[in-house]
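Asks: would you be able to build a 3D model of this:
(one chain, ligands or ions: 1)
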Amino acid sequence: MKSGLLSLGIFLLCAIQAQANVPVQPNFEEEKFVGTWYSVGMASNSKWFEQKKEHLKMCTTVITPTADGHLNVTSTFSRDGQKKEKTKILFKTEQPGRYRSTSSRWGSEYDIRVVETNYDEYALTYKRKSKGTEVFTMVVLYGRTKILKPELQEKFHQFSLEQGLAESGILILPLTD
Ligand SMILES: *[C@@H]1O[C@H](CO)[C@@H](O)[C@H](O)[C@H]1NC(C)=O
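Replies: Down below sits the predicted model:
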């Protein structure tokens, strides 16, 4: 019993540690991060992703600063042959490269980090979504171009596995026309 509790404690500690250890791009420069990105890869363990993953395609995401200094992230995708737009506002935190967001519709909170980027080629991002006691992870690999070098795809793959995501939940998204 005691050792059971002890290992639960250690497990919880590790789970908290793992999340705290998700890095953020050092010396993050937001003014270089804005602009157009393509979602090249996506990995998640959320129910939404599980249901949709067969049908997901690459989309275009435009990031612009808002008037009050936060980030406007607008993605364009097509559904049933129609173009749709989805906007999310990411609020700055005291750590550059780390943002928070909420969804009143779903009652969720998001912790979003730009894990690694060189600004003109790729950006690896991490999103932790919590809704009550449920926690989901999403990793997105963005590219300035629609196709990224195999090394970058591999970096995304490896990082996703390190976040505890299953192989079957790690996708390189099909191109849209
Ligand atoms: C976010 O950007 C989109 C596309 O540029 C724009 O249509 C929308 O009004 C912006 N929303 C906010 C809240 O800034």
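
Asks: what's around the residue of the chain found nearest the ligand, how many residues?
Replies: Taking C-beta to the nearest ligand atom as the measure, the point where the chain comes nearest the ligand is N72, at 3.7 Å. No exception for glycine: its C-beta is placed from N, CA and C like everyone else's. By other C-beta atoms under 10 Å, the residues close to N72 number 15.

Asks: I'd guess it is in a strand, am I close?
Replies: Yes: assigned with DSSP: H, G, I helix; E, B strand; the rest coil, N72 falls within a strand.

Asks: starting at the chain centroid, how far to stretch 117-127?
Replies: Offset of stretch 117-127 from its chain centre (C-alpha atoms, centre = their mean, to the nearest Å): 10 Å.

Asks: show me which residues of stretch 74-86 are buried.
Replies: Judged by neighbour count using 16 or more other C-beta atoms under 10 Å, the buried positions of stretch 74-86 are 75, 77.

Asks: how close does G107 sit to V114?
Replies: Computed as C-beta to C-beta, to the nearest Å, the G107 to V114 distance reads 25 Å.

Asks: who's more crowded, the two?
Replies: V114 (21 against 10).

Asks: need the residues of this protein near the ligand, please.
Replies: Proximity of the chain to the ligand, by C-beta under 6 Å from any ligand atom, involves residues 62, 64, 66, 72, 74, 87, 89.

Asks: so which of the residues you listed belong to strands?
Replies: Cross-referencing the residues of the chain next to the ligand against strands under DSSP state E gives 62, 64, 72, 74, 87, 89.

Asks: wait, doesn't the residue of the chain closest to the ligand sit right on E85?
Replies: No: using C-beta atoms under 8 Å as the test, N72 is too far from E85 to be in contact (11.3 Å).

Asks: if we can go back for a sec, just curious, which of the ones in strands among the residues of the chain next to the ligand is nearest to F33?
Replies: The closest of these to F33 turns out to be T64 (C-beta to C-beta; 10.8 Å).

Asks: so where's this structure shaky on pLDDT?
Replies: Counting by pLDDT under 70, the chain contains low-confidence ranges at 1-20, 177.

Asks: in the helix or strand hosting E151, what's buried?
Replies: Using DSSP states H and E, E151 falls within helix 150-162. Within helix 150-162, the residues that count as buried by 16+ other C-beta under 10 Å are 152-153, 155-157, 159-160.

Asks: of all the residues you listed, which comes closest to F136?
Replies: Set against F136, the nearest of the buried residues of helix 150-162 by C-beta to C-beta is S160 (13.0 Å).

Asks: list the contacts for that closest one?
Replies: S160 is in contact with 43, 139, 169-170, counting by C-beta atoms under 8 Å, 6 or more residues apart in numbering.

Asks: and the residues you listed as CSV, adding secondary structure and neighbour count?
Replies: Formatted as CSV, the contacts of S160 follow (DSSP: H, G, I helix; E, B strand; the rest coil; neighbours: other C-beta atoms under 10 Å):
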residue, secondary structure, neighbour count
A43, strand, 26
V139, strand, 24
G169, helix, 19
I170, strand, 22
